[in-house]
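>>> what follows is a predicted protein model with its sequence.
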Amino acid sequence: ADSDVLVYGTKSQTERTLRWFDRTGKALATVGATISDGEIVLSPDGNRVMGRRSDRERQGNWILNLERGTRTRVTSDPAYNDAVWSPSGEEIAYLTPGAEGQVYIRSADGSGAPRKVPNALLARGLLSDWTRDGRLLSHAIVGAQGVEIFETPVAGGKPRLLIGGPGPQAQARLSPDGQWIAYASAETSRPEIYVVGRDGSGGKWQISANGGSGPRWGRDGR
């Protein structure tokens, strides 16, 4: 300030809390302290939740068992990007940080060594879904087109472009029947949620009206 007074802030150390809510917004139960600084993802069976810590002492991907209350550290140094569950819930996939992100798969209980997905390089990307037919959906910055959506075979192979510009495209999620992709796009003045056919046919629908992010499908796909 002009009066030579310095104004500054400190980071709060307050832990976030996980809670269950019904669809009307009514709080049902408190789970406890979270395992993530940001996004959390439920396992396919609904019994575990996965998140990611970025602070130095706890950095990496963590899994909380909702029935037992136990916490398992699955990845550690360095702080990896958000991971996704396999359809069976027995494994997770994640991208290492950096200019050329490598895709790895490892057991969800943290046992064994991670295995690399061959040739699956995604520059500054994030995984968003692991489909039932064995493909990984992701978004990444590749080339001069900005952020685009790709799919990569879990068995290995070069990522294939699914949804490109204009504007950043991200957060792709495949419907339970495998026919539709919900995703976020900033092709207009703000990010909105859209749905398109996975094979590129069947049209395109804007779902949100006043901005949106983080799409999720209901289990019945409706």
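Nice, I can see it. Since we're looking at a predicted model, the values are computed, not measured.

>>> pLDDT below threshold where in the chain?
11-14, 77-80, 99, 142-145 (pLDDT under 70).

>>> centre-most residue in it?
residue 128 (4.1 Å; C-alpha atoms, centre = their mean).

>>> how about it, what does it touch?
Shown in contact with residue 128 (C-beta atoms under 8 Å, 6 or more residues apart in numbering): 84, 137-139, 170-173. Yep, even glycine has a C-beta here, placed from its N, CA and C like the rest.

>>> and it, which of the three is it?
Assigned with DSSP: H, G, I helix; E, B strand; the rest coil, residue 128 falls in the strand class.

>>> next, residue 172: phi, psi?
phi -70, psi 140 (degrees, to the nearest 10).

>>> that should have said residue 182, apologies.
Torsion angles, degrees, to the nearest 10, at residue 182: phi -100, psi 140.

>>> next, count neighbours for residue 147.
Neighbour count of residue 147, defined by other C-beta atoms under 10 Å: 20.

>>> ok, residue 111 next?
Residues near residue 111, counting by other C-beta under 10 Å: 9.

>>> what helix or strand is it on?
Using DSSP states H and E, residue 111 sits in no helix or strand.

>>> quick revisit: from residue 222, how far out is the residue nearest to the centre of the chain?
Distance of residue 128 to residue 222, given as C-beta to C-beta, to the nearest Å: 20 Å.

>>> now swap in residue 208 and tell me
Counting by C-beta to C-beta, the gap from residue 208 to residue 222 is 17 Å.

>>> pick out whichever of these two has more residues nearby.
Shown here are residue 208 and residue 222; by other C-beta under 10 Å, residue 208 has more neighbours (14 against 7).

>>> for that one, which three-state class applies?
coil.

>>> would you check that it makes contact with residue 195?
No. Using C-beta atoms under 8 Å, residue 208 makes no contact with residue 195, being 10.5 Å away.

>>> so residue 178 sits against residue 133, correct?
Yes. At 6.4 Å, residue 178 and residue 133 qualify as touching, with contact defined as C-beta under 8 Å.

>>> residues contacting residue 134?
Neighbours of residue 134 in contact, by C-beta under 8 Å, 6+ apart: 153-155.
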